[in-house]
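Asker: Pasting a predicted model and its sequence here:
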Amino acid sequence: MAKHQFQTEANQILNLMIHSLYSNKEIFIRELVSNASDALDKLNMLVLTDDKYKEVTFSPRIDIVANKEAKTLTIKDSGIGMNEEDLMSHLGTIAKSGTKAFLENLTGDQKKDSNLIGQFGVGFYACFMVAHKVEVTTKKAGEEQAFLWTSTGDGEFDVENTTQDGHGTTIVMHLNDEEAEFLEAHRIETIIKKYSNHIPFPIFMDKDKFIPAVKDDDGKETEPSRTEIENVQINRANALWTISKSEITDEEYKDFYSSIAHSSEEPLAWMHNKAEGAIEYTTLFYIPNKAPMDMFRVDYQTGIKLYINRVFITDDEKELMPTYLRFLRGVIDSKDLPLNVSREILQSNAVMNKIKNASVKKVLSELSKIAKNDSEKYDKFFAEFGNVLKEGLYSDFGNREKILELMKFNTINSTETVMIEEFVKNVDEEKKEIYYITGKTSLSMLKSSPALERFKAKGIDVLVLNEEVDTIIFPMVTEYKEYKLVHVGDAKFEESEEEKKAEEEVAKSYEGLAKEFKDALGDRVKSVETTSDLVDSPVKLKEDKEDPAYMMAQMMKQMGQDSGAPAPAPIFQINPKHELIMKLKDSADQNLINDAAHVLFDQAKLFDGIELDDTADFISRLNRIITKAL
Ligand SMILES: Nc1ncnc2c1ncn2[C@@H]1O[C@H](COP(=O)(O)OP(=O)(O)OP(=O)(O)O)[C@@H](O)[C@H]1O
């Protein structure tokens, strides 16, 4: 017998199972049955596609045996099984991507952490919530040697050779005294119906069967009533997605979600679609209630399982759906793909691509239906997944218009978010320009940005995009139908000849102050100029989009890289109609002009959500100005 230590993260999860998580213990059955079902899926595919497994018989079943005397619960499957190497790596270390995120998100608060466990497939280790000792006997299909893995969950596990008739895995859990409920047939059956009713393989269990008394013609009892033990199938074992929609109840849809998403929460919505025609396929997609914890990690786990004619192929293929729909959970099943499809083939397979493209269109149109018919639900969806969906605006050019129509926008004129179809109703029909502002600041701050003043003065509504991703994505979105999307900084309004002339004159009369500001600020600004865009604010910053450094930085940003180079110097714009600027023009106090140039520049940066280089300098200059004013 060889003793081994659990890897650190495995140990942390184990400790948590044993000492912290007391609510919703029943999910350990879901987790083990789901592993058994995965093991059957894997063997099914190998038997059908790999000559090495030609001799292996595939007779799929899962058995649950409760032994009240010995206080053991056993879950047995006739799946792929594990060899020594599998046992060591799968049941001793944790390689799952979500694990780290799970451990990082733990709060130490029992209640909150119990909820987290629901969002996260806890896997095999969940059995230690109810058992003080677990024995796994297993033999891999096509191999000779069987192994026994034993652990009491105290940091170590043993692996030794053993014998076993067929291939597959048997897990015996020695239950803690207070967990006797999990030995009751009706309790187990309820749990199976709740979480595992629609896994595609049958689950069997012994159940008491009541045999009524036998009576003769006179009504005299010839045989007393008795109970017999009968081994029965306790789940429906039908792949839910293959059943027609009208025959599936909401409860069944929800239960299936719970088994495939390992979640105790209800899904927000589901979409079940059967396509018949040149290519036949079925999809069943769910939108979860909450974003998966690993959604913004590069190593996120996919939630779509691919089946080929009901044979499970993979649940680890990120190409099945575009990454901006990575929150979806569900199934794609098609008869029209080759069973021995490899990952490379899958990615370039024309049938798969057609299924993928049609599925994306379907999901987007279903989302649009929800947005129209159930705005409350849609708002919930958008709050959780809006920023992920937004990624589609640059990664899925073909569906850009549809994705844009699924966005919810803040605008300067509305207190609630609006959708673009609504928004364009108020856009000038001649100019056909949709104006937007982006910035990494709070919504209220961005709404009061000086750059919006001329729009407010003209009563023109503007989309206010204050998420960091917006600053990267929206410069790439230039059109919506016949409308142009224009950044507020690039918007041009027609001016009469007189207006232009007047502006030129104003600019001339401010040349002196502009030069003094430029001298004071040096390389921090590219140039200083007057602007007619401002109403209430004295100054604002403008990016010089012609500057090669700006273009370079923008390109790097779009590729998701930070160039590390300092941001290119902006153009500093001053408002000649503002009292402060007018007074500075007439001032002869060079020190004051110098301080004001710095304070105003910093003020403009703050409005744009840019951190100050030297806050102490800003404060001391501001204080000097105030002192002078007193
Ligand atoms: N009954 C089984 N038969 C064969 N292999 C198994 C069985 N149970 C577990 N395993 C192996 O152990 C691994 C770890 O299982 P665990 O339940 O901890 O995580 P998982 O199933 O990979 O992830 P998740 O629970 O999130 O789906 C599995 O991926 C599988 O390789």
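Answerer: That came through, no problem.

Asker: what residues does the stretch 1-150 of the chain put near the ligand?
Answerer: Taking C-beta under 6 Å from any ligand atom as the criterion, the stretch 1-150 of the chain approaches the ligand at residues 31, 35-36, 39, 77, 79-82, 90-91, 96, 121, 123-124. (Each C-beta comes from the backbone N, C-alpha and C, glycine too.)

Asker: of all of the stretch 401-550 of the chain, which residue lies closest to the ligand?
Answerer: Nearest residue of the stretch 401-550 of the chain to the ligand, counting by C-beta to the nearest ligand atom: residue 469, 28.3 Å away.

Asker: Packing partners of whichever strand or helix holds that residue?
Answerer: Residue 469 is part of helix 468-473 when elements are defined by DSSP states H and E. Packing partners of helix 468-473 (3 or more C-beta pairs under 8 Å, 6 or more residues apart in numbering; DSSP states H and E): helix 375-390, helix 392-395, helix 548-558.

Asker: Is it possible to get a markdown table of these that adds distance to residue 455 and mean neighbour count?
Answerer: Listed next are those as a markdown table, based on distance: least, C-beta to C-beta, whole Å; neighbours: other C-beta atoms under 10 Å:
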| stretch | distance to residue 455 | mean neighbour count |
| --- | --- | --- |
| helix 375-390 | 23 | 18 |
| helix 392-395 | 23 | 19 |
| helix 548-558 | 23 | 14 |
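
Asker: Show the model's pLDDT score for the residue lying farthest from the centre of the chain.
Answerer: The C-alpha centroid of the chain is most remote from residue 218, which lies 69.9 Å away (C-alpha atoms, centre = their mean). Residue 218 is assigned 88 on the pLDDT scale.

Asker: Ok, residue 101 next?
Answerer: Predicted confidence (pLDDT) for residue 101: 65.

Asker: again, but for the one 4 residues further on
Answerer: Reported pLDDT at residue 105 in the predicted model: 70.

Asker: what does the one 10 residues further on give?
Answerer: Per-residue confidence (pLDDT) for residue 115: 59.

Asker: same thing with residue 25?
Answerer: 85.

Asker: Could you verify my assumption that it touches residue 131?
Answerer: No: Residue 25 sits out of contact with residue 131 when judged by C-beta atoms under 8 Å, with a separation of 10.5 Å.

Asker: quick one, what contacts residue 270?
Answerer: Taking C-beta atoms under 8 Å, 6 or more residues apart in numbering as the criterion, residue 270 is in contact with 253, 257, 284-287, 330.

Asker: so which helix or strand takes in it?
Answerer: If you go by DSSP H and E, residue 270 is part of strand 269-275.

Asker: roughly how far apart are residue 494 and residue 424?
Answerer: Per C-beta to C-beta, to the nearest Å, residue 494 is found 21 Å from residue 424.

Asker: Let me fix that, I meant to ask about residue 487.
Answerer: Applying C-beta to C-beta, the value for residue 487 to residue 424 is 17 Å.

Asker: re the thing from before, please enumerate the shared neighbours of residue 25 and residue 131.
Answerer: Residues touching both residue 25 and residue 131 comprise residue 179, with contact defined as C-beta under 8 Å, 6+ apart.

Asker: Looking at the two, which one has more neighbours?
Answerer: Neighbours per residue, other C-beta atoms under 10 Å: of residue 25 and residue 131, the larger number sits with residue 131, 26 against 17.

Asker: And the more buried one, how close does it get to the ligand?
Answerer: Separation of residue 131 from the ligand (C-beta to the nearest ligand atom, to the nearest Å): 15 Å.

Asker: Residue 258 now?
Answerer: Between residue 258 and the ligand the distance is 13 Å, computed by C-beta to the nearest ligand atom.

Asker: host element of that residue?
Answerer: For residue 258, the host element (DSSP H and E) is helix 250-261.

Asker: What residues of that helix count as buried?
Answerer: Neighbour-count burial for helix 250-261, counted by 16 or more other C-beta atoms under 10 Å, picks out 252-253, 255-261.

Asker: immediately after the helix-or-strand element of the chain with minimal mean pLDDT, which helix or strand?
Answerer: Confidence across the helices and strands of the chain bottoms out at helix 110-119, with a mean of 60, counting by mean pLDDT, DSSP states H and E. For helix 110-119, the following helix or strand on the C-terminal side (DSSP H and E) is strand 131-139.

Asker: just to revisit the earlier point, and for the helix holding residue 469, what's in contact with it?
Answerer: If you take C-beta under 8 Å, 6+ apart as the criterion, helix 468-473 is touched by 387, 390-391, 393-394, 438-440, 465, 557-558, 560.

Asker: The ligand next: which of the residues you listed are close?
Answerer: When C-beta under 6 Å from any ligand atom is applied, no member of the contacts of helix 468-473 is adjacent to the ligand.

Asker: Tabulate these (a markdown table), appending distance to residue 429 and pLDDT.
Answerer: Shown next, in a markdown table, are these (distance: C-beta to C-beta, whole Å; pLDDT from 0 to 100):
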| residue | distance to residue 429 | pLDDT |
| --- | --- | --- |
| 387 | 32 | 93 |
| 390 | 27 | 95 |
| 391 | 31 | 94 |
| 393 | 25 | 95 |
| 394 | 28 | 90 |
| 438 | 25 | 92 |
| 439 | 28 | 86 |
| 440 | 33 | 83 |
| 465 | 23 | 96 |
| 557 | 34 | 70 |
| 558 | 32 | 66 |
| 560 | 37 | 66 |
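
Asker: Turn those residues into a markdown table, including distance to residue 244.
Answerer: Output for these, formatted as a markdown table (distance: C-beta to C-beta, whole Å):
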| residue | distance to residue 244 |
| --- | --- |
| 387 | 36 |
| 390 | 35 |
| 391 | 34 |
| 393 | 36 |
| 394 | 38 |
| 438 | 47 |
| 439 | 50 |
| 440 | 49 |
| 465 | 43 |
| 557 | 48 |
| 558 | 45 |
| 560 | 44 |
